[in-house]
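1. Sequence first, then the predicted structure:
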Amino acid sequence: MDFDSQVPEDPNNPGETVAWKIERTSDNSLSGNYSVSFQIDGRHDDGTIWLGRKLKLQPNSAKIVALSFQLWSPSESFNTIAEVVAYIGEDNPEVEDDFHVLGAADQVAGWKGYTISVEINKGSLSEFFVTFGISVRWQTEMSYFADSEEITAR
């Protein structure tokens, strides 16, 4: 799995970006012993962080690729603190605009499921990318957990 981001410069530390981290953890899991922790300093009201992987399909095939996962939010909020984002496609996503918004985080206190599916038409190239993460929408530090990721192609 690869981790990536598009985050702003930290105005308190010129030349540095705002703090963010994605890591495997045993602190909070839905199933099994581990989940993935997403943390970002969103106090500057900007930034998207994500994890993803490059996968392969049979060349010259068309498939519906689906991603589902669970995201844990610390509390329910009527404000959109962060949006849950995802991408499935042939290009490696590089910026926030590459992602589809799946919905707001913090819709519930605890675990909530998110899904996306995309048709991938593969020619002679067989690689594609599946990614998901969070995008800041409120000026605060934030922390979420993801678990039970499932990718299918049919």
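-> Now that the structure is in, tell me what you want to look at.

2. Can you tell me what sits against the strand or helix carrying Ile120?
-> Element membership for Ile120 (DSSP states H and E) is strand 110-121. For strand 110-121, contacts defined as Cβ atoms under 8 Å, 6 or more residues apart in numbering pick out 30, 57, 62-73, 84, 86, 88-90, 100, 102-103, 128, 132, 147, 153. Any C-beta I mention is one placed from the backbone N, CA and C, and that applies to glycine too.

3. Show me what the next helix-or-strand element following that strand is packed against.
-> For strand 110-121, the following helix or strand on the C-terminal side (DSSP H and E) is strand 127-136. If you count contacts as 3 or more Cβ pairs under 8 Å, 6 or more residues apart in numbering; DSSP states H and E, strand 127-136 packs onto strand 35-41, strand 48-56, strand 62-73, strand 82-89, strand 110-121, strand 141-153.

4. I'd like the mean pLDDT over the shortest one, please.
-> Throughout strand 35-41, pLDDT has a mean value of 97.

5. contacting residues around the closest residue to Ala86 other than its chain neighbours?
-> Counting by Cβ to Cβ, 6 or more residues apart in numbering, Ala86 lies nearest to Phe132, which is 4.1 Å off, once chain neighbours are set aside. Shown in contact with Phe132 (Cβ under 8 Å, 6+ apart): 50-52, 67, 69, 84-87, 102, 114, 116, 146, 149.
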